[in-house]
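> give me a model of this one.
(one chain, ligands or ions: 2)
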Amino acid sequence: MTLILENFRIFALLRLNGSMKKILVTGGAGFLGSHLCERLLKEGHDVICLDNYFTGSKRNIVHLMGNPYFEVIRHDITEPFDIEVDQIYNMACPASPVHYQFDPIKTINTSVVGAVNMLELANRTGAKILQASTSEVYGDPFVHPQPEEYWGNVNPIGIRSCYDEGKRCAETLFFDYHRQNKVKIKVVRIFNTYGPRMLPDDGRVVSNFIVQALKNEDITIYGTGEQTRSFCYCEDMIDGIIRMMNTDDEVTGPVNLGNPKEFTIKQLAELVVELTGSKSNIIYHPAVQDDPQQRQPIIDKAKAMLNWQPTVELREGLARTIEYFRGIV
Ligand code: NAD
Ligand code: UDP
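Numbers count the residues shown, from 1 in each chain. Ligands and ions are numbered 1, 2, ... in the order given. Alright, predicted model coming up:
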């Protein structure tokens, strides 16, 4: 009761001094979106979560639902949507290859038509809008590590293209709305991020390995396991995303957000086995098509412009994530 009264007091003060913002989070019931909603509410904002529950879940946000400054709307961003808001975080899009390849036409529509709908909303309301773009815009990169200036190496007709090219086109739309209509845009390129609230059957490597290890099942490496990724803990990522939204209007990005420490997939598998104390064996499956072989962000821009860099080491983040999955699998 005291906590509720204290929250009301904070909200009343923020409303009085004008710093409480009305914020729309698309994909707010997903892994990153739910952490973002939670953090924005903690900061005293009025948050509207919009989701079609394709890969998101009410379970991710049920703990926020008692808060009067939190609203949930079931909506698909491929349809237009109208509301008065100050900021829009466009997070809606399945992010796991398994899920985005399930209905590739829907995936590209979510990125492209969804971006147009949200940009139209920003254009009408004057809201700032942030796009959750991705390291996938670099494809299977020839330049390593990846700076924002690199244009990427993306297959336009492969099984990952619905996601990669969708996100690339969304970036184009953001910059064209900015140039043509003066929409206040922010584009962040998110590198592999993990943590609690990923789905157990999400299909992405961190959740797959942890769930397999906790069940003492074989840990499935696709390909040689020598391919690399750089893993960022969700708390660090949310911090970077919010810092980007709160930059001055002239800052558009794109800005890389991710943890620059690079690991092979084999190293990740071994670390998960060690941290879970699992009896699992590591086994090898054929490589998946167009799998990027290396990925590591250069985050100099984020450091300089946002005063941001990740603080959670992989070992620590994995331990927290394992704790979460122990509770649900
Ligand atoms: P997620 O799949 O957990 O969340 C996506 C959310 O969007 C889900 O709640 C889903 O139901 C919702 N959604 C999907 N299509 C929708 C539609 N048409 N209309 C409304 N809602 C829709 O994925 P995530 O890891 O939380 O990723 C969030 C965003 O960040 C995505 O845009 C993703 O591309 C981007 N991103 C994530 C990572 C990562 O490593 N987690 C990396 C790069 C980019
Ligand atoms: N991967 C793997 N086993 C799994 C799931 C993924 O070896 O059970 C590999 C996948 O082939 C890729 C890397 O792990 O090389 C990261 O895959 P993920 O799907 O998490 O993300 P993305 O490929 O989009 O970076």
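
> could you report the pLDDT at the nearest residue to residue 318 once chain neighbours are set aside?
Leaving aside its chain neighbours, residue 318 sits nearest to residue 275 (5.5 Å; criterion: Cβ to Cβ, 6 or more residues apart in numbering). Yep, even glycine has a C-beta here, placed from its N, CA and C like the rest. Per-residue confidence at residue 275 stands at 98 (pLDDT).

> next, count neighbours for residue 174.
26 (other Cβ atoms under 10 Å).

> what residues are up against it?
If you count contacts by Cβ atoms under 8 Å, 6 or more residues apart in numbering, residue 174 has them with 115, 119, 129, 131, 183, 185, 187, 252.

> just the element for the residue nearest to residue 194 when sequence neighbours are not counted, please.
What sits nearest to residue 194 in space, not counting adjacent residues and going by Cβ to Cβ, 6+ apart, is residue 206, at 3.9 Å. Here residue 206, judged by DSSP states H and E, is contained in helix 205-214.

> would you point out the most distant pair within the contacts of residue 174?
Farthest-apart pair in these is 115 and 252; separation 14.6 Å (Cβ to Cβ).

> isn't residue 175 up against residue 185?
Yes. Look at residue 175 against residue 185 with Cβ atoms under 8 Å: they come within range, at 7.1 Å.

> okay, these two: which has more neighbours?
Each of residue 175 and residue 185 has its neighbours counted (other Cβ under 10 Å); residue 185 has more, 25 against 16.

> please name the bridge partners of residue 48.
Under DSSP bridges, the beta-bridge partners of residue 48 are residue 24, residue 71.

> if I look at it, how far off is ligand 1?
13 Å (Cβ to the nearest ligand atom, to the nearest Å).

> wait, doesn't that residue sit right on residue 83?
Yes. Residue 48 lies in contact with residue 83 (Cβ under 8 Å); the separation is 6.7 Å.

> need the overlap of contacts for the two.
Shared contacts of residue 48 and residue 83, counting by Cβ under 8 Å, 6+ apart, come down to residue 24.

> of those two, who's got more company?
Counted by other Cβ under 10 Å, residue 48 and residue 83 do not tie: residue 48 has more neighbours, with 20 against 15.

> quick one: name the residues of the stretch 151-300 of the chain near ligand 1.
Within the stretch 151-300 of the chain, the positions lying close to ligand 1 (Cβ under 6 Å from any ligand atom) are 190, 192, 193.

> look up phi and psi at the first one.
So that's residue 190. Torsion angles at residue 190 (phi, psi; degrees, to the nearest 10) stand at phi -90, psi 130.

> for the last one, same thing?
With angles defined as degrees, to the nearest 10, residue 193 shows backbone torsions of phi -120, psi 140.

> number of nearby residues for it?
Close neighbours of residue 193, defined as other Cβ under 10 Å, add up to 29.

> got a list of what it touches?
Counting by Cβ under 8 Å, 6+ apart, residue 193 touches 32, 231, 232, 233, 234, 237, 258.

> if you set the cut-off to 7 Å instead, what comes out?
Contact analysis of residue 193 by Cβ atoms under 7 Å, 6 or more residues apart in numbering lists 32, 232, 234, 237.

> next: the second one.
Residues touching residue 192, when contacts are defined by Cβ under 7 Å, 6+ apart, comprise 229, 230, 231, 232, 258.

> which single one of the contacts of residue 193 is nearest to residue 163?
The nearest member of those to residue 163, counting by Cβ to Cβ, is residue 32 at 15.3 Å.

> okay, the closest one and residue 138: tell me how far apart.
Distance, residue 32 to residue 138, using Cβ to Cβ, to the nearest Å: 19 Å.

> packing partners of the helix holding residue 206?
Here helix 205-214 touches strand 219-222, helix 265-276, helix 314-326, going by 3 or more Cβ pairs under 7 Å, 6 or more residues apart in numbering; DSSP states H and E.
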